[in-house]
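Peer 1: What shape does this take:
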Amino acid sequence: MEIHEGAAAAVGDGVLDFSRLSLSTFSTDGVSEERKRDTRQLYLNYNRLLALPSSVCVFCNLEFLDISNNGLSAICEGITRLGNLRTLVAKNNRLDEFSLPKEFGCLRLEVLNFSGNRFTEIPLQCTKLPRLQSLSLGGNRLKSIPAEIENLTSLELLYLGGNLITAIPPEVANLPYLSYLVLCDNRIQSVPPQLTRLHSLRSLSLHNNLLTYLPREILCLVHLHELSLRGNPLVVRFVKEMTYDPPSLLELAGRTVKSGNIQYYPGDMPADLLRYLDLASKCPNPKCAGVYFDSCVRQIKFVDFCGKYRLPLMHYLCSPECTSPCSSNPPSDADSEDESSVPAARLQRVLLG
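Peer 2: Residues are numbered from 1 along each chain as shown. Here you go, the predicted model:
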């Protein structure tokens, strides 16, 4: 069936709607030149298109294109000639990382929705869209997030729920305007502490993953208003790991220098030892003046959010003597200091179940 202007279900000023017409081919022969020039929004969703033909580029001023719920396995090269296109919605098709034209990254897109397709990785063309504000790739087969995601410096919403992702790369923290990060229904086991740099983050969806703890740095997300954690092991069972490797002689010496505030100068020791001393981490326990380098206690601590939920956060201490006796006992001084520093209005919603 060919498209002609009279077949459109709804035609308005700047809008052509050919959705739900069971179309298998796309022809613009019946569309006037004036209509082609004036069309700003084009709806071709819920048809039977297997490929987006290059004739779509005749709508030279197109700003919005919806090609969802077809059988598309490829997007034509002609789409790259739509210099005004700002929104592309291509949900529920058969697209994968080989379906996009090579120059797709030259578009000036602000909203891109590829949810419900067959992507196993995020195409690098998608990471070359500097104006992109919203990227949705939920319900695909993604196994990872590329480090090049950091190139999307205008991104405000990143929706990657319902995939096979196992890790969050620290490069996600380089997105200065990211406000909504959706990573639910994946296989993520940990949250990188670098996410503390997401100063604009308001909502973080991590439900239905494999998290057993959260990094303590999450307390620094001062604008976070919603944190979704239901369906994670940290909600079902709290893990406390007390393995501790004794410090080496090198570390013991380094601790002595740092803890005793012993003065040293570049000429006093080899450069590699100077670099080593610069790596010292101060024990977060306020009653301990110690430091550590490689050897520390990896512990789960419980921090109160909103006076209702106690979340397990990863905690590193310099020795077993700094640990609290038991998670079921009242919080230690180190814990209570962190808890008191969390304003009551910080997280408006903590979704644990």
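Peer 1: For the closest residue to Leu152 other than its chain neighbours, give its distance to Leu109.
Peer 2: Among residues not flanking Leu152 along the chain, Leu132 sits closest, at 5.2 Å (CB to CB, 6 or more residues apart in numbering). The C-beta positions use only the backbone N, C-alpha and C, and glycine is treated the same way. Distance of Leu132 to Leu109, computed by CB to CB, to the nearest Å: 6 Å.
Peer 1: Quick one: low-confidence residue ranges for the protein.
Peer 2: Residue ranges of the chain with pLDDT under 70: 1-12, 235-244, 299-310, 315, 323-353.
Peer 1: What ranges does it have for its helices?
Peer 2: Ranges of helices in the chain, per DSSP state H, are 33-38, 233-236, 249-259, 271-277, 333-340.
Peer 1: Would you confirm that His229 contacts Thr212?
Peer 2: Let me fix one detail, which is that residue 229 is Leu and not His. No. Here Leu229 lies out of contact with Thr212, judged by CB atoms under 8 Å, at a distance of 11.2 Å.
Peer 1: To what extent is the residue lying closest to Leu49 once chain neighbours are set aside buried, counted in neighbours?
Peer 2: Distances taken as CB to CB, 6+ apart put Asn70 closest to Leu49, at 4.2 Å, once the chain neighbours are dropped. Asn70 has 23 neighbours, counted by other CB atoms under 10 Å.
Peer 1: Who are the contact partners of Asn70?
Peer 2: Asn70 makes contact with 44-50, 93 under the criterion CB atoms under 8 Å, 6 or more residues apart in numbering.
Peer 1: how's the protein carved up into domains?
Peer 2: Residue ranges for the domains of the chain, per automatic domain parsing: 5-236, 249-292.
Peer 1: Could you work out which of these reaches nearest to Leu311?
Peer 2: domain 5-236 (5.9 Å; CB to CB).
Peer 1: how long is stretch 215-232 from one end to the other?
Peer 2: One end of stretch 215-232 to the other measures 15 Å (CA to CA, to the nearest Å).
Peer 1: buried set for that stretch?
Peer 2: 215-219, 221, 224, 227-229, 231-232 (16 or more other CB atoms under 10 Å).
Peer 1: same question, stretch 86-106
Peer 2: 86-93, 95-97, 99-101, 104-105.
Peer 1: Show me how far that stretch is from its chain's centre.
Peer 2: Counting by CA atoms, centre = their mean, to the nearest Å, stretch 86-106 is centred 20 Å from the centre of its parent chain.
Peer 1: quick one: terminal-to-terminal distance for it?
Peer 2: OK, stretch 86-106 end separation, CA to CA: 12 Å.
Peer 1: Compare Leu132 and Leu109 (neighbour count), which wins?
Peer 2: Remark: of Leu132 and Leu109, Leu132 carries more neighbours, 25 against 21, as counted by other CB under 10 Å.
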